[in-house]
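Colleague: Provide a 3D model corresponding to the input given below.
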Amino acid sequence: MKKRTIISITILMLVSFAGALIGQSQRSRQGRRSYGIQPGIDIDIKKTDTIRVVEAYDRLMDCYVDPVHTDLAQTKFSGTQSLRKLDSIEKKTDSISACLTRIERALDIPQTRPDKNYSGTYEKANRTKEPVISAVRR
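Modeller: As a prediction, this is how the structure comes out:
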């Protein structure tokens, strides 16, 4: 008799446990019910003046960003070309200066030292303090 009692209690516990699990799963599904109804109504969003201004600004910037990037790339490229040209000019003037120095030594011409205050690009016109570009000599 003890065996029957233990078996019946075990079966009763298993059935009650299964019932509790089924009840719990039913409760958790109730919160997630979805019927799949999609409304077919389109609602227009009212745009304020601020939104219109921001959208216009975005469109304007989209139009100008690509040309600005292109111009910057071209400027960088022309800058590097200019630097290369200036480097080649500097090398040529250095070689000419060295050649002139050798000629002056061979002919015993005294070398003149440049003035400390003279920068080589400006000269004073009519003894005033305004510098004038030396290429504008008359």
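
Colleague: let's see the pLDDT reported for the one residue sitting closest to the centre of the chain.
Modeller: By C-alpha atoms, centre = their mean, the mean C-alpha position of the chain lies nearest to residue 69, the distance being 10.7 Å. Residue 69 is assigned a pLDDT of 84 by the prediction.

Colleague: and what of residue 94?
Modeller: With respect to pLDDT, residue 94 has a value of 92.

Colleague: over to residue 115?
Modeller: pLDDT at residue 115 comes out at 61.

Colleague: next one: the one 10 residues further on
Modeller: The pLDDT attached to residue 125 in the predicted structure is 46.

Colleague: residue 54 now?
Modeller: pLDDT at residue 54 comes out at 92.

Colleague: what's the neighbour count on it?
Modeller: 12 (other C-beta atoms under 10 Å). (Glycine included, C-beta is placed from N, CA and C.)

Colleague: just to revisit the earlier point, does the residue nearest to the centre of the chain belong to a helix, a strand or coil?
Modeller: Three-state call for residue 69 (DSSP: H, G, I helix; E, B strand; the rest coil): helix.

Colleague: where does the protein dip in pLDDT?
Modeller: 1, 25-35, 39, 113-138 (pLDDT under 70).

Colleague: can you give me the helices in it?
Modeller: 2-30, 49-106 (DSSP state H).

Colleague: reformat those as JSON lines; add distance to residue 40.
Modeller: Putting the helices of the chain into JSON lines (distance: least, C-beta to C-beta, whole Å) gives the following:
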{"stretch": "helix 2-30", "distance to residue 40": "27"}
{"stretch": "helix 49-106", "distance to residue 40": "26"}
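
Colleague: alpha carbons only: can I get stretch 87-103 in PDB?
Modeller: The C-alpha coordinates for stretch 87-103 follow below in PDB (Å, rounded to 0.1, in the frame of the first residue of the first chain):
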ATOM      1  CA  ASP A  87      62.900  74.100 -55.400                       C
ATOM      2  CA  SER A  88      64.200  73.800 -58.900                       C
ATOM      3  CA  ILE A  89      64.600  77.600 -59.200                       C
ATOM      4  CA  GLU A  90      66.500  77.600 -55.900                       C
ATOM      5  CA  LYS A  91      68.800  74.900 -57.100                       C
ATOM      6  CA  LYS A  92      69.500  76.800 -60.400                       C
ATOM      7  CA  THR A  93      70.200  80.100 -58.500                       C
ATOM      8  CA  ASP A  94      72.500  78.300 -56.100                       C
ATOM      9  CA  SER A  95      74.500  76.800 -59.100                       C
ATOM     10  CA  ILE A  96      74.600  80.300 -60.800                       C
ATOM     11  CA  SER A  97      75.800  81.800 -57.500                       C
ATOM     12  CA  ALA A  98      78.500  79.200 -57.100                       C
ATOM     13  CA  CYS A  99      79.600  79.800 -60.700                       C
ATOM     14  CA  LEU A 100      79.800  83.500 -60.200                       C
ATOM     15  CA  THR A 101      81.800  83.100 -57.100                       C
ATOM     16  CA  ARG A 102      84.300  80.900 -59.000                       C
ATOM     17  CA  ILE A 103      84.500  83.600 -61.800                       C
END
